[in-house]
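1. Sequence first, predicted model second:
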Amino acid sequence: EKMEKNNRKSGLVLLSAMICLFLFLAIQSASAATYQYGDVFAAVSNGEVKHYDSDGILKATYDPCVTGYTTGMAFDSAGNLYVTCFSNNNVVKVQRDTGTVIQTITTDSGGHVESIVFDALGNFYVGQPDGTKDILKFDSAGNFLTRYNAATERRGTDWIDLAGDQCTMFYTSEGGSIKRYDVCTNTQLTDFASGLGSVAYALRILPGGDVLVANTENILRLNSSGTTVQTYDAPGQNCWFSLNLDPDGTSFWSGDFCTGKIFKFDIATGNKLKEINTGVGSMKLWGVTVFGEKTIAQVITLEPNTDTNYVGEQHTVVATVKDSDGNPISGVEVEFEVISGPNVGTTGTDTTDANGEATFTYTGSGDEGTDTIVARFKTGGQTYESNQVKKIWTTPPIELCPDEYRWNTSVSSKGYEWDPFPTLFRAWN
């Protein structure tokens with residue numbers, strides 16, 4: 001009888017441990033491919049994109065292009081990932097958090113679409129190094145709008161970035177210059193910079209007008225006059241190609257196609273902050289993007305990207321409005337709306353302060369589920385909408401493994417020793 005009781009106790013302890021383990025693994029699995037601010041996405045050829053967290057831990061691998069080179073990427077306001085399929089001459093839209101391709105957008109035959117950037121209204125532009133070499137513009141639904149026959153160097157309109165004025169397109173053409181084109185007036189502009197000394201690839205415009213550019217042997221920072229003021233590099237890296245900003249606003253990521261490594265640098269100090277080895281080897285890493293990146297073309301952004309609370313608690317989001325140079329704008333009335341989820345239809349307004357920030361606080365008065373929230377403001381007859389953020393509402397969990405059943409500090413002077421027969425099961429003794 002005593003043996004039977006011990007077996008029964010041991011069985012219950014084992015069952016309890018298995019339940020705890022199952023719940024832990026289920027939670028880990030459910031969040032495996034969720035996009036979080038700072039997550040890094042690497043286009044690694046073979047039609048694939050690798051998804052890392054901000055510390056460089058691989059979360060998922062997607063196969064949006066199926067075959068061929070994958071290159072430049074960007075996110076729309078809903079957080080969907082757009083991937084340029086260089087070899088296939090198209091752009092694919094990948095659903096946020098799932099990795100599922102939900103749209104394929106055709107570009108010029110033989111153009112080898114390589115880069116993509118969104119404007120403040122949700123339209124997007126793509127650069128093409130070959131074929132027509134034109135910059136193409138599409139609306140937010142993926143419909144073709146127009147093309148721009150911009151001047152080129154060795155290749156076409158390889159890598160592009162749109163200035164905050166929504167008109168000036170900065171681009172490189174695998175030469176030694178950063179060129180510019182006015183997409184509002186359809187006019188070629190003077191070069192932003194020339195004589196960079198190597199082959200220039202991906203670039204990003206910073207608030208205030210500085211520009212970062214991957215320049216093969218190193219990465220350059222140029223001031224608003226086009227003069228090189230800073231250089232970034234890492235030992236053994238001589239093929240800098242891709243480049244994107246981190247959402248923290250103080251750092252950026254760049255990839256080397258010879259080593260297949262990605263590095264994070266501090267913009268101000270030039271210090272190397274992190275390193276990711278994709279493991280794909282040479283001539284396969286052709287694109288890097290970061291979820292939550294704030295490009296200069298975005299005039300309103302919303303944070304935090306994702307948060308979780310219990311139903312009945314309050315949640316606050318902050319919208320930031322900036323001008324074409326990335327400076328905060330005060331006195332702007334911002335409208336907030338929950339556009340889907342258990343609290344759909346909840347709205348609010350606030351006016352931006354000296355930091356360009358407006359806030360919205362609401363109570364989760366609906367059921368469990370995920371709210372999607374946006375912020376908007378109007379000016380000059382246009383409505384500008386922010387990125388969409390998520391709010392997850394849950395109910396307090398049932399504690400299948402509460403602390404008092406897991407640990408019994410009274411049985412050991414050391415404390416935190418596992419109690420094989422916790423209070424819950426002692427009634428069986």
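-> Received, thanks. This one's a predicted model, so the numbers in the text were calculated from it and none came from an experiment.
2. Give me the distance between the two termini of stretch 382-391.
-> From its first residue to its last, stretch 382-391 covers 27 Å (C-alpha to C-alpha, to the nearest Å).
3. scratch that, stretch 56-69
-> End-to-end distance for stretch 56-69, by C-alpha to C-alpha: 22 Å.
4. which parts of it are buried?
-> Neighbour-count burial for stretch 56-69 flags 59, 60, 62, 64, 65, 69 (criterion: 16 or more other C-beta atoms under 10 Å). Bear in mind the C-beta positions are built from the backbone N, C-alpha and C, glycine included.
5. Could you tell me how many residues sit around the nearest residue to residue 293 once chain neighbours are set aside?
-> Spatially, and ignoring its direct neighbours in sequence, residue 293 is nearest to residue 245 (5.0 Å; C-beta to C-beta, 6 or more residues apart in numbering). Here the number of neighbours of residue 245 (other C-beta atoms under 10 Å) works out to 22.
6. Tell me the one among the buried residues of stretch 56-69 nearest to residue 88.
-> residue 65 (5.9 Å; C-beta to C-beta).
7. which residues sit in contact with that closest one?
-> Taking C-beta atoms under 8 Å, 6 or more residues apart in numbering, we find residue 65 in contact with 47, 48, 83, 85, 87, 88, 92.
8. one more time with 10 Å
-> Residues near residue 65 by C-beta atoms under 10 Å, 6 or more residues apart in numbering: 43, 45-49, 71, 83-88, 90-92, 94, 101, 104.
9. hang on, it in a helix?
-> No - according to DSSP: H, G, I helix; E, B strand; the rest coil, the state of residue 65 is coil, so it is not within a helix.
10. List just the nearest of the buried residues of stretch 56-69 to residue 141.
-> Residue 141 lies nearest to residue 64 out of these, by C-beta to C-beta, at 18.7 Å.
11. so where is the chain shaky, pLDDT-wise?
-> Applying pLDDT under 70 to the chain flags the ranges 1-32, 398-429.
12. For the most centrally placed residue in the chain, give its distance to residue 394.
-> Per C-alpha atoms, centre = their mean, the C-alpha nearest to the average position across the chain is that of residue 291, at 0.6 Å. For residue 291, the distance to residue 394 equals 23 Å [C-beta to C-beta, to the nearest Å].
13. what does residue 246 give?
-> Computed as C-beta to C-beta, the residue 246 to residue 394 distance reads 29 Å.
14. Could you give the backbone dihedrals for the residue nearest to residue 293?
-> Phi and psi for residue 245, reported as degrees, to the nearest 10, are phi -80, psi 150.
15. For beta bridges, what are the partners of it?
-> Residue 245 has these beta-bridge partners by DSSP bridges: residue 252.
16. what residues are up against the closest residue to residue 364 other than its chain neighbours?
-> Excluding its sequence neighbours, the residue lying closest to residue 364 (C-beta to C-beta, 6+ apart) is residue 393, at 4.5 Å. Residue 393 makes contact with 307-313, 315, 341-343, 364-371, according to C-beta under 10 Å, 6+ apart.
17. circling back to that earlier point, wait, isn't the residue nearest to residue 293 in contact with residue 204?
-> Yes - between residue 245 and residue 204 there is a contact at 5.3 Å, judged by C-beta atoms under 10 Å.
18. can you list residues touching both of these two?
-> 212, 252, 293, 295, 296.
19. now, which of those residues sits nearest residue 131?
-> Proximity of the shared contacts of residue 245 and residue 204 to residue 131 (C-beta to C-beta) peaks at residue 295, which lies at 25.5 Å.
20. Return the residues in contact with the residue nearest to the centre of the chain.
-> 34-41, 51, 53-54, 73, 75, 79, 81, 96, 244, 247, 305.
21. one more time with 6 Å
-> 35, 39 (C-beta atoms under 6 Å, 6 or more residues apart in numbering).
22. would you list every one of the strands in the stretch 51-200 of the chain?
-> With DSSP state E, counting those that start in this stretch as the definition, the stretch 51-200 of the chain shows strands at residue ranges 58-62, 70-75, 81-85, 90-94, 101-106, 115-118, 124-127, 135-138, 144-148, 159-162, 168-172, 179-182, 187-188.
23. List of residues touching the strand ranked longest in the chain?
-> Longest strand in the chain, counting residues (DSSP state E): strand 369-379. With C-beta under 6 Å, 6+ apart as the test, strand 369-379 has contacts from 302, 317, 319, 332, 334-343, 383-386, 388-393.
24. Name every strand pairing with the helix or strand that it is followed by and say which way it goes.
-> Along the chain past strand 369-379, the next helix or strand (assigned with DSSP states H and E) turns out to be strand 382-385. In the sheet, strand 382-385 lines up against strand 369-379 (antiparallel) (DSSP bridges).
25. In the strand it pairs with, which of the residues would be classed as buried?
-> Going by neighbour count (16+ other C-beta under 10 Å), the buried part of strand 369-379 is 369, 371, 372, 373, 374, 375, 376, 377.
26. what bridges to the fifth one?
-> With beta bridges defined as DSSP bridges, residue 374 has these partners: residue 337.
27. Figure out the helix or strand that the residue nearest to residue 162 when sequence neighbours are not counted lives in.
-> Excluding the flanking residues, the one nearest residue 162 by C-beta to C-beta, 6+ apart is residue 297, at 4.3 Å. Under the criterion DSSP H and E, no helix or strand holds residue 297.
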